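> curious how this folds, go ahead:
(one chain, ligands or ions: 1)
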Amino acid sequence: MAAPRASVHGEWSSSLFFILAATGSAVGLGNLWRFPYLVGDNGGGAFVVIYLLCILLVGLPIMMAEIMIGRRGRHSPINSLRLIARDEGLNPAWQGLGWLGVAAGFMILSFYSVVGGWALYYGFEAFQGGFRGIDTDTAGTLFEGVLASPGLVVLWHSIFLLLLFGIVAAGVRRGLQRAVTLLMPLLFLLLLFLVLYGALTGGFAETLAFMFRPDFSAVDGGTILTALGQAFFTLSLGMGAIMVYGAYLPSRASIPGNTVWIVGMDTLTAIIAGLAIFPVVFSAGMEPAQGPGLVFVTLPVVFGEITLGTLLGMVFFVLLSVAAITSGISLLEPAVAYLTERGPLSRAGAAAIITLAIWLLGIAAGLSLNVWADVRILPFADLGIFDLLEFVSNDIMLPLGGLLIAVFAAWRIRSKTRLVELGMPPDSLRFRLWLLVTRFVAPLAVVLVFMNALGLFG
Ligand code: PFF
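Have a look, this model is predicted:
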């Protein structure tokens, strides 16, 4: 077996920073923006139950597999897969999985950065007291106004990407690690503040009933596909973000232990985001099913009405921006790591080129909300560019990437490699359980959900 490799990009100083970074990657717009509106749109408790099952049975084992592959390869996902395939005598085509991830990362970051830009802009608006006394109509008009303005969308998308570029260009320790050390405690503090506030408002009981009383009558195959896609998205799985962070994990660190922390914190944050957002929505007498506008339209109205609303609005949108930034850097890192490894570019040069490419794709996503609203890429006649990028990357590429990662980790590489990286005794219950779930349950879940989406079950 090959001697253990070292990462050319450096390592996290300890497990703690890996957990902070990976939790930073996982906790993002997916938790604070997407999860609450998906719960709202998909009938509440039943969606929450299915989502939790997807996290436990598919997300958790695949995250362990991703970290394991990353730490074994110690390179960008493309090169890690290539090197491991070589060490293990497997088909070199496995590096294609790394390329799939890079492509997914480009697509996700292009629209993610547009939404991250809105979060920054709304934080700025809140600072200026822009939500004071605002009603539903004005809030709707404000949000539509942002969407309708190519200039605003592109400006804030650019600012968002520039921040990510600055962090990623500075490297693993000086950039990524420093950013998460600063931003993650801030994120938890802001979140805590919001939940305490939510618990003190009138709508808390209603929220508990809405989020935890399952009504399965509204559930169909589409709901399950959405829940599974969300499980991958929220845990940053299937595209190499967690894999590349795993490549920087010190050899002594326990992969199963760290994974449980990351998955636990991400799930907790999504639930807490619901517990923080719905009470204010309910107590203002509004509807939870507001789609993507939930945090950008409904919440500003609420912030405009309540005492301390300006402060609360600032806290919320700063929180949203921080969460988006720590996730955005993990979307950028796999491609930047790869280009740096190839040489001759420095990390900063590589980061500049990748950021530029994503910036251009993001402009297309942003403009599709206004001047290019009618542009279609066939055969997807009913999706604009923004929605198409989101659909193809979240609902198809991430689950597909996750499926292949599970197959690679649980079927293809040698058992000894798995045991060494996971640090589990071969006959322990934990190891057998992980192997069973990663070999059968996770891939089968993805395949069934795909077949259902294709209408194969009638
Ligand atoms: N997990 C992030 C969120 O919930 O917002 C989004 C994300 C980051 C998805 C990194 C995929 C990824 F690789």
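
> which element, helix or strand, includes the residue in the stretch 351-458 of the chain that the ligand sits nearest to?
At 6.9 Å from the ligand, L398 is the closest residue in the stretch 351-458 of the chain, using Cβ to the nearest ligand atom. Placement of C-beta: from N, CA and C, glycine included. When elements are assigned from DSSP states H and E, L398 belongs to helix 398-407.

> secondary structure element holding W12?
Secondary structure from DSSP H and E places W12 outside every helix and strand.

> doesn't T181 make contact with it?
No - using Cβ atoms under 8 Å, W12 makes no contact with T181, being 10.4 Å away.

> could you pull up the residues touching W118?
By Cβ atoms under 8 Å, 6 or more residues apart in numbering, the contact list for W118 reads V146, V153, W156, F296.

> could you look up the SS state of it?
Assigned by DSSP: H, G, I helix; E, B strand; the rest coil, the conformation of W118 is helix.

> tell me the residue of the stretch 251-400 of the chain that sits nearest the ligand?
S327 (4.0 Å).

> of the contacts of W118, which belong to helices?
V146, V153, W156 (DSSP state H).

> can you put those in TSV and add distance to G240 and pLDDT?
Converted to TSV, the ones in helices among the contacts of W118 look like this (distance: Cβ to Cβ, whole Å; pLDDT from 0 to 100):
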residue	distance to G240	pLDDT
V146	31	92
V153	28	96
W156	27	97
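
> of those residues, which is the nearest to the ligand?
Closest to the ligand, out of all of these and judged by Cβ to the nearest ligand atom, is W156, at 17.2 Å.

> picking that back up, wait, the residue of the stretch 251-400 of the chain closest to the ligand touches G28, no?
Yes - here S327 reaches G28: they are 3.1 Å apart, a contact under Cβ under 8 Å.

> between those two, what contacts are shared?
With Cβ under 8 Å, 6+ apart, S327 and G28 have common neighbours Y112, S236.

> neighbour count for the two, which is higher?
G28 (29 against 26; other Cβ atoms under 10 Å).

> can you tell me how far the more buried one sits from the ligand?
2 Å (Cβ to the nearest ligand atom, to the nearest Å).

> mind listing what's buried along stretch 430-445?
For stretch 430-445, a neighbour-count test (16 or more other Cβ atoms under 10 Å) marks F431, W434, L435, V437, T438, R439, V441, A442, P443, A445 as buried.

> again with stretch 302-313
V302, F303, G304, E305, I306, G309, T310, L312, G313.

> next, format these as CSV and append distance to G43 and secondary structure.
Formatted as CSV, the buried residues of stretch 302-313 follow (distance: Cβ to Cβ, whole Å; DSSP: H, G, I helix; E, B strand; the rest coil):
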residue, distance to G43, secondary structure
V302, 22, helix
F303, 26, helix
G304, 28, helix
E305, 27, helix
I306, 27, coil
G309, 29, helix
T310, 33, helix
L312, 28, helix
G313, 28, helix
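
> closest point of the stretch 51-200 of the chain to the ligand, which residue?
Counting by Cβ to the nearest ligand atom, the stretch 51-200 of the chain gets nearest to the ligand through I108 (5.5 Å).

> now do the SS call for P214.
coil.

> hmm, it is touching Y51, no?
No - P214 sits out of contact with Y51 when judged by Cβ under 8 Å, with a separation of 11.1 Å.

> which one of these two is surrounded by more residues?
Legend: neighbour count by other Cβ under 10 Å for P214 and Y51, higher for Y51 (26 against 16).

> who's in contact with that one?
Applying Cβ under 8 Å, 6+ apart to Y51 gives the contacts F35, A227, Q230, A231.

> any low-confidence regions in the stretch 51-200 of the chain?
For the stretch 51-200 of the chain, applying pLDDT under 70 flags no range at all.

> number of nearby residues for the residue lying closest to I67 once chain neighbours are set aside?
What sits nearest to I67 in space, not counting adjacent residues and going by Cβ to Cβ, 6 or more residues apart in numbering, is G246, at 3.6 Å. Counted with other Cβ under 10 Å, residues neighbouring G246 total 30.

> now the one 5 residues further on
Burial of S251, expressed as a neighbour count using other Cβ under 10 Å, amounts to 13.

> now it: how far from R86?
20 Å (Cβ to Cβ, to the nearest Å).

> now do G73
10 Å.

> and L319, by the same measure?
44 Å.

> who has more neighbours, the two?
Per other Cβ under 10 Å, whichever of L319 and R86 has more neighbours is L319, with 23 against 13.

> on the three-state scheme, the more buried one is what?
With three-state DSSP as the criterion, L319 reads helix.

> one step back: what's the pLDDT at the residue of the stretch 251-400 of the chain closest to the ligand?
Listed pLDDT for S327 reads 96.

> check contacts around it.
G24, S25, A26, V27, G28, L29, G30, Y112, S236.

> hang on, it in a helix?
Yes - under three-state DSSP, S327 falls within a helix.

> would you list the phi and psi of I377?
The phi/psi pair for I377 (degrees, to the nearest 10) reads phi -110, psi 110.

> that one and L388 touch, don't they?
Yes - using Cβ under 8 Å, I377 is in contact with L388, at 6.0 Å.

> more neighbours: which of those two?
Using other Cβ under 10 Å as the criterion, I377 and L388 rank with L388 on top: 19 against 13.

> now that one. Nearest residue, chain neighbours left out?
Nearest residue to L388 in three dimensions, chain neighbours excluded: F380, at 5.2 Å (Cβ to Cβ, 6+ apart).

> what of G384?
S368 (4.4 Å).

> check contacts around A21.
Residues near A21 by Cβ under 8 Å, 6+ apart: W12, L176, Q177, V180, Y245, T326, S330.

> what's the farthest-apart pair in the residues you listed?
W12 and T326 (14.1 Å; Cβ to Cβ).

> so these two - more neighbours on which side?
The neighbour comparison of W12 against T326 (other Cβ under 10 Å) goes to T326, with 27 against 23.

> find the nearest non-adjacent residue to the more buried one, please.
G24 (3.1 Å).

> can you pull the contacts of P61?
Counting by Cβ under 8 Å, 6+ apart, P61 makes contact with A406, W434, V437, T438, V441, A442.

> the same query, at a cut-off of 10 Å, please.
Each residue near P61 by Cβ atoms under 10 Å, 6 or more residues apart in numbering is listed here: 259, 402, 406, 409-410, 433-439, 441-442.
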